[in-house]
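Undergrad: need a 3D model of the sequence below.
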Amino acid sequence: MAEITAALVKELREKTGVGMMDCKKALSENDGDLEASVDWLRTQGLAAAAKKAGRAASEGLIGVASEGGTGALVEINAETDFVARNDTFQGLVETVTGIALSGSGDVEELKGAAYPDGDRNVDETIAAMIATIGENMDLRRSARLSVDKGVVATYMHNALTPRLGKIGVLVALESDGDAAQLEVFGKQLAMHVAASNPTALSQADVDPEELQRERNVLSEQARESGKPEEIIEKMVEGRLRKFYEEICLMDQTFVIDGESKVSQAVEAAAKELGASITVKGFCRFALGDGVEKKEEDFAAEVAAAVAS
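TA: Numbering: from 1, shown residues only. Below you'll find the model as predicted:
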């Protein structure tokens, strides 16, 4: 029997896009013959996954999970909303999100993590499901938040199930207070994040380059008024406060009461709890955010299919 080297497995993987374990099995079944292994994978329906990899995957599901002081978010994309309603796909997203709880938040690390009840990793399991379901899928991103004391609250908007939906949020709250009470406030804050989509926790966390670009734009706008530079500077600072109120979580108006700043809501919750509360971080995943959806010309697609 031919020796199945790592280089041979790698070559077959690059040729077909199929997972490492399936490539190794194919080579073993075909005595190391590369082309025969490709054909074998095709008969198993696995090599088809590689052909589907070029198709846009902008639907799918966000998964959320929490356990103790840890929470995780995962986005797995598919081509159609129909697949998102498939029980098998939903089970995949829930399982991968559970695995993410014990990871670092790095998506590549998550892809290589062992998948339960089998000898495949997460990436290979997704490749196998692509072949089974017939649509391209992609584990696009993952995130993890944790606190030593307190809770990581979760919220799912447009939920198909309590842990699966279109917009998922994590909010990490550090406190010595009662966990159940903290969880209630944490969910309210997570709902706020889902609705208001802040991009920074506080003013100190705003990207310096983004802040400088905004300052430059506001300065040019203010100069068009023809006012003196010292007045322009005050105008810019006033407009920057408005900018912070739009993007910084702690400066936003709390959507739950429509009056308080989030920072004030945190202080009020801490007073009611009888213990200090620190917002350590948040994360918001909206399904397909930033993914360019491929526009299909159905007539051209049919014509191409007939021509082939």
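Undergrad: pLDDT weak spots in the protein?
TA: 1, 43, 45-57, 291-308 (pLDDT under 70).
Undergrad: where do the domain boundaries of it fall?
TA: What automatic domain parsing lists as the domains of the chain is 6-52, 59-200+278-286.
Undergrad: can you redo those as a markdown table with mean neighbour count?
TA: To be clear about C-beta, it is placed using only N, CA and C from the backbone, and glycine gets the same treatment. Output for those, formatted as a markdown table (neighbours: other C-beta atoms under 10 Å):
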| stretch | mean neighbour count |
| --- | --- |
| domain 6-52 | 18 |
| domain 59-200+278-286 | 19 |
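Undergrad: got JSON lines for the ones you listed, with distance to residue 217 too?
TA: Converted to JSON lines, the domains of the chain look like this (distance: least, C-beta to C-beta, whole Å):
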{"stretch": "domain 6-52", "distance to residue 217": "43"}
{"stretch": "domain 59-200+278-286", "distance to residue 217": "17"}
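Undergrad: among the ones you listed, which is nearest residue 234?
TA: Ranking those by proximity to residue 234 (C-beta to C-beta) places domain 59-200+278-286 first, at 23.6 Å.
Undergrad: helices of this structure, residue ranges please.
TA: 6-16, 20-29, 34-43, 48-52, 81-84, 87-100, 107-111, 122-133, 179-196, 208-223, 229-247, 262-273, 298-307 (DSSP state H).
Undergrad: can I get those helices in a markdown table with distance to residue 139?
TA: Converted to a markdown table, these look like this (distance: least, C-beta to C-beta, whole Å):
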| stretch | distance to residue 139 |
| --- | --- |
| helix 6-16 | 17 |
| helix 20-29 | 16 |
| helix 34-43 | 21 |
| helix 48-52 | 14 |
| helix 81-84 | 14 |
| helix 87-100 | 7 |
| helix 107-111 | 6 |
| helix 122-133 | 6 |
| helix 179-196 | 22 |
| helix 208-223 | 28 |
| helix 229-247 | 28 |
| helix 262-273 | 32 |
| helix 298-307 | 27 |
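Undergrad: any idea which of these gets closest to residue 152?
TA: That would be, of the helices of the chain and by C-beta to C-beta, helix 179-196, which comes in at 7.7 Å.
Undergrad: which outside residues touch that closest one?
TA: By C-beta atoms under 8 Å, 6 or more residues apart in numbering, the list of residues contacting helix 179-196 from outside reads 150-155, 157, 167, 169-171, 173, 175, 249, 252, 254-256, 262, 265-266, 269, 272-273, 277, 279, 282, 284.
Undergrad: next, the angle from that helix to helix 262-273.
TA: Comparing the axes of helix 179-196 and helix 262-273 via axes from the mean of the first three to the mean of the last three C-alpha atoms, to 10 degrees yields an angle of 160 degrees.
Undergrad: now helix 179-196 against helix 229-247, angle please.
TA: 120 degrees.
Undergrad: give me the neighbour count for the closest residue to residue 250 other than its chain neighbours.
TA: If the residues on either side of it in the chain are set aside, residue 250 comes closest to residue 263, at 4.4 Å by C-beta to C-beta, 6 or more residues apart in numbering. Using other C-beta atoms under 10 Å, residue 263 has 16 other residues around it.
Undergrad: cool, and residue 289?
TA: 14.
Undergrad: got phi/psi on it?
TA: Per-residue torsions, residue 289: phi -60, psi 120 (degrees, to the nearest 10).
Undergrad: hmm, residue 148 is touching residue 68, no?
TA: No: between residue 148 and residue 68 there is no contact under C-beta atoms under 8 Å: 10.3 Å.
Undergrad: and residue 230, what does it touch?
TA: Residue 230 neighbours (C-beta under 8 Å, 6+ apart): none.
Undergrad: relative to residue 222, how far out is it?
TA: Per C-beta to C-beta, to the nearest Å, residue 230 is found 11 Å from residue 222.
Undergrad: one more: residue 114?
TA: Applying C-beta to C-beta to residue 114 and residue 222 gives a distance of 57 Å.
Undergrad: ditto for residue 104
TA: Taking C-beta to C-beta, one finds residue 104 at 44 Å from residue 222.
Undergrad: same question, residue 5
TA: Residue 5 is 66 Å from residue 222, by C-beta to C-beta.
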